Structure formats: C-alpha cells, structure tokens
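*Asks:* model this:
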Amino acid sequence: MTLMGLQSLRDLPPYPTDAANWPVIQGTTQPALRFRWDEEWDSPINQCGLQCVLDWVCGRDWHGDERMRELLQEYHDTDVLEYTLDIFRQLQTGSLLLHSA
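*Replies:* Model (predicted):
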C-alpha cells in the first residue's frame with residue numbers, strides 16, 4: 001500500500017492514462033506505483049511494478065520489525081518472488097482476504 005499511496009487495497013486504482021497527471025504518494029513528490037490489473041503479471045508494465053515491490057521489500061532495513069528481518073533471511077529470493085506474484089494474482093482476481101481496519 002505504501003508504494004501505491006493507498007490507505008486500503010479494497011479499491012485498486014486503474015493505471016493512469018495521462019502521464020502528466022500521474023498520482024503521487026501523499027506528502028511526497030514520489031510517483032505512486034500502479035499496475036495494469038487487466039494484464040498478466042508478466043506484462044512489461046506489471047513486471048516493472050513487481051520489481052519495484054521486490055526491491056522495496058528486500059532492500060529495506062526493517063528497523064523494529066525483527067520478524068520481517070528473520071523471514072527475509074530465511075526465504076530465498078525465489079520464495080519472495082513467488083509470494084509477491086501470489087499476492088498480485090489475488091489482488092487481480094479479488095480473492096485476497098482483507099481484514100477490516
């Protein structure tokens with residue numbers, strides 16, 4: 001959600017049609033991450049977005065979140081990739097179970 005600049009994953013935004021009006025993450029000038037939900041994970045746009053997610057997850061220090069640091073040390077990069085692809089597919093099909101805030 002952080003990279004997409006969203007408060008919730010319940011209503012996923014469409015891919016912007018106008019690059020001049022690309023959404024940014026609130027309080028920053030950083031462009032928000034967007035996916036083409038009507039395309040497979042391996043489309044060029046979605047591959048680029050998924051690589052951004054992987055870089056963010058694997059490149060963070062995770063200060064204060066010892067469990068996340070342990071998990072990333074325990075799993076191989078291919079495991080993290082497969083998990084990320086699984087989440088993407090669940091979001092794409094609407095089958096991801098989201099907890100109420």
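*Asks:* hey, which helix or strand in this protein has the poorest pLDDT?
*Replies:* Ranked by mean pLDDT, DSSP states H and E, the helix or strand of the chain with the weakest confidence is helix 66-74, at a mean of 79.
*Asks:* Give me the buried positions along that one.
*Replies:* Buried residues in helix 66-74, counted by 16 or more other CB atoms under 10 Å: residue 72. (C-beta placed from N, C-alpha, C; glycine too.)
*Asks:* ok, residue 91 touching residue 11?
*Replies:* No: taking contacts as CB atoms under 8 Å, residue 91 lies outside contact range of residue 11: 11.3 Å.
*Asks:* Give me the more crowded residue out of these two.
*Replies:* residue 91 (15 against 7; other CB atoms under 10 Å).
*Asks:* Helix, strand, or coil at the more buried one?
*Replies:* helix (DSSP: H, G, I helix; E, B strand; the rest coil).
*Asks:* mind checking which helix or strand the residue nearest to the spatial centre of the chain is in?
*Replies:* For the chain, the residue nearest the mean C-alpha position is residue 53 (4.8 Å; CA atoms, centre = their mean). In the assignment (DSSP states H and E), residue 53 maps to helix 44-59.
*Asks:* list the helices and strands that helix packs on?
*Replies:* Helix 44-59 sits against helix 77-93, with contacts defined as 3 or more CB pairs under 8 Å, 6 or more residues apart in numbering; DSSP states H and E.
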